[in-house]
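Trainee: This is a predicted model, with the sequence first.
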Amino acid sequence: MTINTFEKVLLLPKHEKITASIVWKSGAVTEKGRITNEGKSIFIYNRGSKKYGTRIKEGDFLREIERIEIKEKRGSEAERWLKSWKKAEKMLEESGLWSDVLQNIKDGIEIGFEKIKKAYEIDFNLPKIEKETYQQERERETKLIKEIDERSLNRNSLNTKEAFLIIQELREARYERAVYISKSCVRAFEKAKRFKDVLSDLKNQAQMYMRKCVGMIRKD
């Protein structure tokens with residue numbers, strides 16, 4: 001999808017972060033940037049920032065931006081959800097980390113996207129009942145979610161974004177482990193080298209004493 005007028009910006013969902021490539025009038029290109037339709041303006045986030053960036057109002061759009069390219073998402077929401085969690089599951093199995101999180105993911109995949117989505121909607125959009133206490137509301141919510149799948153009570157937040165966060169954390173954990181192993185290897189090598197040097201000194205000393213002994217024997 002190509003956006004080259006502010007009218008097309010207004011077609012985007014409001015207040016939703018969308019990944020896009022921004023081609024500026026200056027000729028610069030921002031790859032994999034994030035944008036948000038704010039209604040009367042478009043907000044372009046700085047790379048790596050969750051709240052800072054550039055706000056461009058309708059009247060400045062054509063002066064600042066040549067065009068914005070948004071790639072169409074591949075597959076359905078359910079397919080993307082399953083793919084992201086399968087990837088997180090595989091990485092956790094290979095890493096041997098966070099067994100409790102891994103089991104949570106396995107249960108979530110088994111329950112399935114549609115059931116978890118229904119549980120999520122109940123959790124966040126439960127209709128209010130007049131004069132109902134907080135405890136009564138929680139009990140009603142729990143009962144409705146149990147009717148879908150009792151396991152969904154602890155899995156209704158399994159969304160694609162969380163999968164990518166886990167993947168990112170795993171990558172960082174893997175990196176930290178690799179650094180730790182690398183440093184451990186260096187320390188082990190240094191110890192081995194020192195031990196080798198000690199052995200070499202002992203060997204030299206032994207040879208020296210042997211030569212002395214041989215010399216003393218010859219004198220006798």
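Mentor: Alright, I've got the coordinates. Numbering: from 1, shown residues only.
Trainee: would you list every one of the helices in this protein?
Mentor: 6-9, 61-64, 77-95, 99-111, 113-125, 134-148, 160-219 (DSSP state H).
Trainee: For those helices, which has the smallest mean pLDDT value?
Mentor: Looking at the helices of the chain, the lowest mean pLDDT belongs to helix 160-219 (a mean of 60).
Trainee: Domain boundaries for this structure, per the record?
Mentor: The record's domain split for the chain, according to automatic domain parsing, is 2-69, 77-174.
Trainee: could you redo these as JSON lines and give each row mean neighbour count?
Mentor: Glycine gets a C-beta too; all of them are placed from N, C-alpha and C. Listed next are the domains of the chain as JSON lines, based on neighbours: other C-beta atoms under 10 Å:
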{"stretch": "domain 2-69", "mean neighbour count": "14"}
{"stretch": "domain 77-174", "mean neighbour count": "15"}
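Trainee: Would you mind pulling the contact partners of the lengthiest strand in the chain?
Mentor: Counting residues, the longest strand found in the chain (DSSP state E) is strand 29-37. With C-beta atoms under 8 Å, 6 or more residues apart in numbering as the test, strand 29-37 has contacts from 9-10, 12-24, 42-45, 47, 68.
Trainee: In strands, which of the residues you listed appear?
Mentor: Mapping these onto strands (DSSP E) picks out 18-24, 42-45, 68.
Trainee: Return the distance of Asn46 relative to Asp60.
Mentor: Distance, Asn46 to Asp60, by C-beta to C-beta, to the nearest Å: 18 Å.
Trainee: Check Glu79 too.
Mentor: 38 Å.
Trainee: Gly27 too?
Mentor: Where Asp60 is concerned, Gly27 sits at a distance of 17 Å (C-beta to C-beta).
Trainee: again, but for Pro13
Mentor: In terms of C-beta to C-beta, Pro13 sits 22 Å off from Asp60.
Trainee: got it, and Arg138?
Mentor: From Arg138 to Asp60 the distance is 48 Å (C-beta to C-beta).
Trainee: cool, and Gly96?
Mentor: With C-beta to C-beta as the criterion, Gly96 and Asp60 are 52 Å apart.
Trainee: Provide a list of residues in contact with the nearest residue to Met1 once chain neighbours are set aside.
Mentor: Closest residue to Met1 apart from its sequence neighbours, by C-beta to C-beta, 6 or more residues apart in numbering: Ile70 at 4.4 Å. By C-beta under 8 Å, 6+ apart, the residues touching Ile70 are 1-3, 18-20.
Trainee: between those, which is closest to Leu102?
Mentor: Thr19 (27.8 Å; C-beta to C-beta).
Trainee: residues touching the closest one, list them.
Mentor: Thr19 neighbours (C-beta under 8 Å, 6+ apart): 32-34, 70-71.
Trainee: so which pair among the residues you listed is furthest apart in space?
Mentor: Arg34 and Lys71 (13.0 Å).
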